[in-house]
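> give me a 3D structure for the following:
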Amino acid sequence: MINVGDWVEVLDEAIGGFVHNIEKDTVFIETSDGFPMSFDVSEVVKTGSEEISVKENEIKNALREKSVGKKPKSISKKREKGVPAIEIDLHIEKLTDRKHLDNFDMLNIQMDTARYRLEHAIKNRIQKLVFIHGIGEGVLKAELNTLFSRYEQVNFYEANPRKYGYGATEVFISQN
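Take a look at the predicted model:
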């Protein structure tokens, strides 16, 4: 039985995190990198701690349940649309406590954060991100567009203005 506050690992993926909510058959976790994600309850295994200390019985049971002649479920269009985007706020006050940074240093911190989060999402097969950059003079937005255009599997465009205003860019990562 999985409860709020438990550490869980995702079957068939190298993802783990603490459960912060459970709704029906969906488990909402926050990964060790701070990304919120959701999975079907059958896709996660309670491990008890951040270190890998999975009980042998839990692994055997999970593998048995998975291999009992069930065909792998394909992701439906409905589920794809329902996958929440991971939001990354690039406002400098959210990234550092340091005061008296010049514009160059602020832009470097913001771009390093964006690059790290994008690389992490690609590596962990996360498909949807929203980078909140604000409106400002458009320098950060232009730099982000340059960064995103360097990746062949990345498509990007302005995020939903009703939800984010005009200061956010939504990124989709194509997975093979």
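> and stretch 94-108, how far from the chain's centre?
24 Å (Cα atoms, centre = their mean, to the nearest Å).
> please enumerate residues in contact with it?
I92, I109, Q110, T113, V139, L140, E143 (Cβ atoms under 8 Å, 6 or more residues apart in numbering). Glycine gets a C-beta too; all of them are placed from N, C-alpha and C.
> for the nearest residue to I2 once chain neighbours are set aside, give its distance to V171.
Closest residue in space to I2, ignoring its immediate chain neighbours: K46 at 5.1 Å, by Cβ to Cβ, 6 or more residues apart in numbering. Using Cβ to Cβ, to the nearest Å, one gets 32 Å for the distance from K46 to V171.
> neighbour count winner among the two?
V171 (26 against 16; other Cβ atoms under 10 Å).
> how about K163, phi and psi?
phi -90, psi -40 (degrees, to the nearest 10).
> quick one, helices of the chain?
Along the chain, counting by DSSP state H, helices occupy 56-66, 77-82, 92-95, 103-123, 139-149, 161-164.
> confidence-wise, which of these is weakest overall?
Mean pLDDT values for the helices of the chain show the minimum at helix 77-82, a mean of 47.
> quick revisit: mind putting the helices of the chain in CSV, mean neighbour count and distance to F39 included?
Converted to CSV, those look like this (neighbours: other Cβ atoms under 10 Å; distance: least, Cβ to Cβ, whole Å):
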stretch, mean neighbour count, distance to F39
helix 56-66, 12, 13
helix 77-82, 9, 11
helix 92-95, 13, 27
helix 103-123, 15, 16
helix 139-149, 16, 27
helix 161-164, 11, 23
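> export those to CSV and tack on distance to M1?
Below are the helices of the chain laid out as CSV (distance: least, Cβ to Cβ, whole Å):
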stretch, distance to M1
helix 56-66, 11
helix 77-82, 24
helix 92-95, 36
helix 103-123, 30
helix 139-149, 42
helix 161-164, 35
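> select, out of those, the one closest to N176.
helix 103-123 (11.3 Å; Cβ to Cβ).
> before we move on, back to that, which pair of the contacts of stretch 94-108 spans the longest distance?
T113 and V139 (15.3 Å).
> how far away is the closest residue in space to V8 that isn't next to it in sequence from I15?
What sits nearest to V8 in space, not counting adjacent residues and going by Cβ to Cβ, 6+ apart, is V44, at 4.3 Å. Distance, V44 to I15, using Cβ to Cβ: 9 Å.
> which neighbours do the two have in common?
E9.
> which residues are in contact with the residue nearest to V8?
Contact analysis of V44 by Cβ under 8 Å, 6+ apart lists I2, V8, E9, V10, L11, V27, I29.
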